[in-house]
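[1] Have a look; sequence and predicted model below, questions after that.
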Amino acid sequence: MSVRCLIVDDNARFGDEASSLLEEDGISVVGFATSGDEAVRLTKELGPDLALVDISLGAESGFDVARRLADIGDTASPKVIFVSIYDEEEFSGPIAASSALGFIAKTELSSERIRSLLES
C-alpha cells in the first residue's frame, strides 16, 4: 500500500529524521508543516493520505490541528496519527475522543506501526 504522508511538527530535526526513516520503508513524505495554518495549506495543496501530527506544536495543540484537518472535507482530509515525545497515557482521553487513528511515540515511529494503525 502506497501512503502519502504529511508531517506536522515544530521540530525540524524530528521532521528530517522521520522523513528519512519513513521514506526508507516506502512511505512517501510529501511535506512538512510547522504550524496548523501550514498543515491546512499543504493538505489542500498536496492531498496526503496521512498526517503525523505532534500533540505539542509550541503555541498550538495538535488536537486543534487535527480538528482543522478533519474540517477540510471528506475527500481532502487525511487520516491522522498523533506523535509525541510524551507518554500516550498523558493524552489517552483526548486521543480516544479525537477522530485520529491512534498514537505513536516518536521513539517508536516506524512504517510498520503506521501501516498497522492504517489497517485497523
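    Nice, I can see it.

[2] Over to the residue most central in space within the chain. Which of the three states is it?
    Centroid-nearest residue in the chain: residue 52, 1.1 Å away (criterion: CA atoms, centre = their mean). Secondary structure assignment for residue 52 (DSSP: H, G, I helix; E, B strand; the rest coil): strand.

[3] Next up, the contacts around it.
    Taking CB atoms under 8 Å, 6 or more residues apart in numbering, we find residue 52 in contact with 5-9, 18, 81-83, 104, 109, 114. The way it works is simple: take the backbone N, C-alpha and C, and place the C-beta from them, glycine included.

[4] Next: residue 10.
    When the contact criterion is CB under 8 Å, 6+ apart, the partners of residue 10 are 34-35, 54, 56-58.

[5] Among these, find me the one that's closest to residue 27.
    When the contacts of residue 10 are ranked by distance to residue 27 (CB to CB), residue 54 comes first, at 16.9 Å.

[6] Okay, the closest one and residue 75: tell me how far apart.
    25 Å (CB to CB, to the nearest Å).

[7] what's the answer for residue 41, then?
    The span separating residue 41 from residue 75 equals 17 Å under the rule CB to CB.

[8] residue ranges of the helices in the chain, please?
    With DSSP state H, the ranges of helices along the chain come out as 12-24, 36-46, 62-70, 92-97, 111-119.
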